[in-house]
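>>> Here is my input, please return the structure:
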Amino acid sequence: MKVKESIFFVVNKLLWGPFIKVWRFFAARTNLTFWIIVGMVVGILIGHFAPEAGSELKPLGTAFIRMITIIETPLIFSTLVVGIAGHGDDVGKVGRLAVKTIIYFEVVTTFALAVGLIMANLIKPGQGVQLTGDTSGVSQLADKSDSITWYGELQMIIPENFFVAAAQNQILGVVFCAALFSCAMMKADKTSKNFMLRINSSLSMIMFKFVALIMNYAPIGIGASLAAAIGSNGIDILANLGKLIGSLYASLAIFVLVVLIPIMFLSRVPIKGFFKAVAQPWLIAFSSASSESALPRAMENMRKFGCPNSLTAFVIPCGYSFNLDGTTLYLALASIFAAQAQGKSLDIGTQLSIMGTLMLSSKGVAAIPRASLIVLAGTLKQYDLPFEAVTMIMGVDAIMDMARTSINVFGNCLGTCVMARLEGSFRSHEWREEEIERRRMAAAEQQERQLREDGLSEMSAQEEIDPNMEIIVHDEKRNVSVSSLEIHHEQKHA
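Numbering: from 1, shown residues only. From the prediction side, this is the model:
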């Protein structure tokens with residue numbers, strides 16, 4: 001017994017106790033972004049200095065993306081249903097938002113294609129590149145591009161049934177089903193509508209708690225993904241086709257500066273606040289090269305930033321198919337790269353034709369594995385450009401995928417804010433009510449946790465919580481922060 005007690009004392013007092021103290025110290029003074037950056041650095045070091053060990057870590061990165069995919073369907077469905085059906089009975093409002101959203105996405109992705117073509121002609125990343133490699137696999141990808149059609153995309157939007165869309169992670173199908181279900185709820189009797197609203201509201205709140213749990217694993221999953229990518233390809237991959245990689249990164253940066261930031265000014269989106277809100281989703285997307293991994297955090301951060309639940313849950317998932325700014329820019333750049341590497345000069349008419357082809361085909365990449373390479377291979381086949389370019393790009397595609405995916409997420413978050421401005425719902429009364437409720441619940445949970453840590457029972461802790469606590473939110477019209485008590489006072493005397 002004395003030996004067991006001694007071991008327990010050593011483990012508890014000398015190892016576990018100090019570890020918990022250090023962990024709480026860092027947890028109180030850091031946030032998730034800090035730990036993601038730490039995970040990235042550790043992943044790069046492991047991948048570079050122990051490539052075999054880094055490659056073996058890939059399952060840990062895959063596990064993170066799979067955990068995210070678990071929650072996408074219930075999160076999107078419940079949030080969208082509560083957002084649409086819970087705020088009025090105007091079915092036409094949903095249709096108007098859909099039309100505005102698609103028009104905006106088409107305009108912005110056209111600008112992205114234009115920037116890609118212009119930068120490819122200015123930088124000429126394909127000049128002097130010797131094309132080599134086996135093109136048999138690329139021919140198969142080009143054949144697959146025939147399956148990307150407008151009616152194929154329509155079938156993704158309107159699935160066979162909801163459970164097929166959920167099982168195959170067809171985000172557009174889930175959005176379509178949720179929107180129709182919400183419209184049906186608006187037409188239903190009050191009892192049925194309120195019953196379904198309570199169910200979906202509870203599911204939505206639980207899903208956001210689910211997201212918080214999964215995000216605790218993000219630094220490990222992201223670090224493992226980077227370690228596997230660098231361990232498999234080597235850090236020297238950056239030296240090969242460096243001009244093409246640099247051209248893509250420069251083009252994306254110019255696209256943000258020349259197109260997206262002016263859109264922020266025109267739509268009066270607070271730039272500093274937006275960059276702060278989008279930083280974490282962008283970092284997750286960049287480091288994991290997966291848009292899906294950033295979806296829950298992007299929705300949550302845009303909701304906190306000032307976009308209502310209904311609009312956020314509709315626009316961001318739609319953007320995953322119709323607003324791939326980074327991917328469309330990359331496809332334009334890579335197409336011209338292939339022609340330049342072959343020594344072929346394309347006239348303006350041909351380049352505009354390629355732009356039109358990519359404008360249509362890039363909209364059909366939802367839920368298709370390696371979709372960007374399939375679209376690229378199909379475009380090269382159509383314009384008789386060399387398949388060897390795709391073979392070479394495959395070697396550095398992981399590095400370029402990080403950049404284009406992060407800009408896809410950035411553009412979708414901005415699109416949400418722009419739509420909120422156009423609809424007049426950015427930091428509106430509707431949003432303030434949602435935000436007051438969200439912050440009150442978060443504050444109550446934190447207060448209850450603190451009281452329980454102080455030794456109170458769960459029932460006593462709940463009794464101690466002040467239901468009328470003051471919550472501070474932003475008033476857009478007055479451009480100041482106001483308390484929830486002021487808002488309720490205004491409503492009472494309105």
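>>> Could you list the low-pLDDT ranges of the stretch 351-494 of the chain?
Applying pLDDT under 70 to the stretch 351-494 of the chain flags the ranges 360-371, 395, 448-494.
>>> all helices in it, in order from the N-terminus.
371-382, 388-423, 429-453, 458-464, 484-493 (DSSP state H, counting those that start in this stretch).
>>> next one: the stretch 101-250 of the chain
Under DSSP H, counting those that start in this stretch, the stretch 101-250 of the chain gives helices at 136-144, 150-157, 162-167, 171-187, 190-215, 218-233, 242-255.
>>> can you redo those helices as a markdown table with mean pLDDT and mean neighbour count?
(Glycine included, C-beta is placed from N, CA and C.) Shown next, in a markdown table, are the helices of the stretch 101-250 of the chain (pLDDT from 0 to 100; neighbours: other C-beta atoms under 10 Å):
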| stretch | mean pLDDT | mean neighbour count |
| --- | --- | --- |
| helix 136-144 | 51 | 16 |
| helix 150-157 | 64 | 14 |
| helix 162-167 | 82 | 16 |
| helix 171-187 | 83 | 20 |
| helix 190-215 | 85 | 15 |
| helix 218-233 | 79 | 25 |
| helix 242-255 | 89 | 19 |
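>>> In CSV, list these along with distance to Ser372.
Output for the helices of the stretch 101-250 of the chain, formatted as CSV (distance: least, C-beta to C-beta, whole Å):
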stretch, distance to Ser372
helix 136-144, 10
helix 150-157, 15
helix 162-167, 22
helix 171-187, 17
helix 190-215, 26
helix 218-233, 16
helix 242-255, 12
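>>> closest to Gly356 out of the ones you listed?
Of all the helices of the stretch 101-250 of the chain, it is helix 150-157 that lies closest to Gly356, at 13.7 Å by C-beta to C-beta.
>>> re the thing from before, for Ile123, which of the helices of the stretch 351-494 of the chain is the nearest?
Judged by C-beta to C-beta, the one of the helices of the stretch 351-494 of the chain that comes nearest to Ile123 is helix 388-423, at 14.4 Å.
>>> In that closest one, which residues are buried?
388-393, 396-423 (16 or more other C-beta atoms under 10 Å).
>>> since we're on the closest residue to Thr110 other than its chain neighbours, how many residues are nearby?
With sequence-adjacent residues excluded and distances taken as C-beta to C-beta, 6 or more residues apart in numbering, Thr110 is closest to Met359, at 6.3 Å. As a burial measure, Met359 scores 17 neighbours (other C-beta atoms under 10 Å).
>>> Against Leu295, how distant is Leu414?
Using C-beta to C-beta, to the nearest Å, Leu414 is found at 15 Å from Leu295.
>>> Any idea which of the helices of the stretch 351-494 of the chain gets closest to Leu244?
helix 388-423 (7.0 Å).
>>> Check whether Leu346 sits in a helix, strand or coil.
coil (DSSP: H, G, I helix; E, B strand; the rest coil).
>>> show me the contacts for the closest residue in space to it that isn't next to it in sequence.
Among residues not flanking Leu346 along the chain, Ala339 sits closest, at 5.1 Å (C-beta to C-beta, 6+ apart). Going by C-beta atoms under 8 Å, 6 or more residues apart in numbering, Ala339 touches 126, 345-346, 383, 385.
>>> Could you work out the most separated pair of these?
Those two in the contacts of Ala339 that are separated most widely, counting by C-beta to C-beta, are Gly126 and Tyr383, at 14.1 Å.
>>> Tell me which of the two has more neighbours.
Neighbour count, other C-beta under 10 Å: between Gly126 and Tyr383, Gly126 has more, with 26 against 17.
>>> any idea how far the more buried one is from Phe314?
In terms of C-beta to C-beta, Gly126 sits 40 Å off from Phe314.
>>> Kindly report the same for Val81.
Distance, Val81 to Phe314, using C-beta to C-beta: 11 Å.
>>> Then Phe208?
Taking C-beta to C-beta, one finds Phe208 at 17 Å from Phe314.
>>> can you check Ser428 too?
The gap separating Ser428 from Phe314 is 16 Å, by C-beta to C-beta.
>>> try Ala165
16 Å.
>>> what does Phe410 give?
Going from Phe410 to Phe314 by C-beta to C-beta gives 19 Å.
>>> now Asp189
Distance, Asp189 to Phe314, using C-beta to C-beta: 25 Å.
>>> which one of the two has more residues nearby?
Phe314 (26 against 8).
>>> Need the pLDDT of the more buried one.
Note on Phe314: pLDDT of 83.
>>> next one: Tyr320
According to the prediction, Tyr320 has pLDDT 78.
>>> Same question for Leu14.
Model confidence at Leu14 (pLDDT) stands at 66.
>>> Please apply the same query to the one 3 residues further on.
At Gly17, the model reports a pLDDT of 68.
>>> Repeat that for Ile70.
At Ile70, pLDDT is 82.
>>> Figure out the helix or strand that it lives in.
Following DSSP states H and E, one finds Ile70 within helix 58-85.
>>> tell me what that helix is packed against?
The helices and strands touching helix 58-85, judged by 3 or more C-beta pairs under 8 Å, 6 or more residues apart in numbering; DSSP states H and E, are helix 171-187, helix 190-215, helix 218-233, helix 271-288, helix 291-305, helix 309-322.
>>> And it, what's buried?
58, 60-61, 64-65, 67-68, 71-85.
>>> now do stretch 427-443
427-428, 430-436, 438-440.
>>> I'd like the distance between the closest residue to Asn121 other than its chain neighbours and Val211.
Nearest non-adjacent residue to Asn121, counting by C-beta to C-beta, 6+ apart: Ile336, 6.7 Å away. Per C-beta to C-beta, Ile336 is found 40 Å from Val211.
>>> Could you do Ala227 as well?
From Ala227 to Val211 the distance is 24 Å (C-beta to C-beta).
>>> Check the average confidence over stretch 335-349, would you?
The pLDDT scores in stretch 335-349 average 85.
>>> Quote the end-to-end distance of it.
The first and final residues of stretch 335-349 sit 14 Å from each other (C-alpha to C-alpha, to the nearest Å).
>>> Report the buried residues of that stretch.
Neighbour-count burial for stretch 335-349, with 16+ other C-beta under 10 Å as criterion, is recorded at 335-342, 346.
>>> would you list those residues in CSV and tack on distance to Ser372 and secondary structure?
Formatted as CSV, the buried residues of stretch 335-349 follow (distance: C-beta to C-beta, whole Å; DSSP: H, G, I helix; E, B strand; the rest coil):
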residue, distance to Ser372, secondary structure
Ser335, 11, helix
Ile336, 15, helix
Phe337, 14, helix
Ala338, 14, helix
Ala339, 18, helix
Gln340, 19, helix
Ala341, 18, helix
Gln342, 20, helix
Leu346, 20, coil
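>>> of all those, which comes closest to Val41?
For the buried residues of stretch 335-349, the nearest to Val41 is Phe337 (31.0 Å; C-beta to C-beta).
>>> so what's that closest one closest to, chain neighbours aside?
Using C-beta to C-beta, 6+ apart, the nearest residue to Phe337 is Gly126, at 4.1 Å.
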